[in-house]
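Chemist: need a 3D model of the sequence below.
(one chain, ligands or ions: 2)
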Amino acid sequence: MAVHDDCIFCKIANHVIESDYVYEDDLVAAFRDMSPLAPTHVLVVPKDHYADLDDGVPAQTAAALLHAAEEVAKAEGITKSGFRVVSNSGADAGQAVGHLHLHVLGGRRLTDDFA
Ligand code: 5GP
Ligand code: ZN
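Modeler: Numbers count the residues shown, from 1 in each chain. Ligands and ions are numbered 1, 2, ... in the order given. Predicted structure coming up:
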């Protein structure tokens with residue numbers, strides 16, 4: 001498995017460092033953002049390391065990420081009220097952590113550019 005020793009999300013996704021998990025399967029893990037911007041703010045990450053959406057992500061992994069985002073929304077009870085899925089790729093998007101992740105946001109009216 002392509003896990004990077006110096007990557008925080010590799011460590012969390014593979015339980016080298018534990019976090020507050022909401023969902024997990026063979027390919028991805030979902031855990032709460034440490035600086036939540038909404039009542040629900042969960043990050044969905046692949047267990048293998050990809051820098052962003054432009055890093056040769058296999059279709060099966062991309063599908064697993066979206067599936068997990070929906071599972072998170074269901075588990076959080078926000079499918080009816082609504083939720084947002086965001087992935088920042090690269091500098092213009094303000095990507096801060098260089099391991100592909102989806103933000104799942106909900107639980108309040110989302111009005112900002114990002115959240
Ligand atoms: P980006 O700007 O890269 O799309 O978002 C990175 C997100 O990761 C931010 O919302 C930040 O709060 C979150 N984050 C960064 N480091 C950690 C961490 O060690 N644990 C958790 N749970 N979230 C993190
Ligand atoms: Zn990584």
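Chemist: which element is the most centrally placed residue in the chain on?
Modeler: Geometric centre of the chain, nearest residue: Val44, 2.2 Å, by Cα atoms, centre = their mean. Assigning secondary structure by DSSP states H and E places Val44 in strand 40-46.
Chemist: work out the gap between the lengthiest helix in the chain and the centre of the chain.
Modeler: Scanning the chain for the longest helix, with DSSP state H as the assignment, gives helix 59-76. With Cα atoms, centre = their mean, to the nearest Å as the basis, helix 59-76 stands 9 Å off its chain's centre.
Chemist: which residues sit against it?
Modeler: When contacts are defined by Cβ atoms under 8 Å, 6 or more residues apart in numbering, helix 59-76 is touched by residues 22-23, 25-28, 30, 40, 42, 44-46, 48, 50, 53, 79, 83, 85, 100, 102, 104, 106-107. The way it works is simple: take the backbone N, C-alpha and C, and place the C-beta from them, glycine included.
Chemist: show me what whichever helix or strand comes after it is packed against.
Modeler: For helix 59-76, the following helix or strand on the C-terminal side (DSSP H and E) is strand 83-86. Strand 83-86 is packed against helix 59-76, strand 102-106, with contacts defined by 3 or more Cβ pairs under 8 Å, 6 or more residues apart in numbering; DSSP states H and E.
Chemist: okay, the shortest one in PDB with CA atoms only?
Modeler: Yep, that's strand 102-106 we're talking about. Provided in PDB are the C-alpha atoms of strand 102-106 (Å, rounded to 0.1, in the frame of the first residue of the first chain):
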ATOM      1  CA  LEU A 102     -13.300  15.300   0.200                       C
ATOM      2  CA  HIS A 103     -14.900  17.700   2.700                       C
ATOM      3  CA  VAL A 104     -18.400  16.700   3.600                       C
ATOM      4  CA  LEU A 105     -20.200  19.700   5.100                       C
ATOM      5  CA  GLY A 106     -23.700  20.100   6.500                       C
END
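Chemist: which secondary structure elements does that strand sit against?
Modeler: Packing partners of strand 102-106 (3+ Cβ pairs under 8 Å, 6+ apart): strand 40-46, helix 59-76, strand 83-86.
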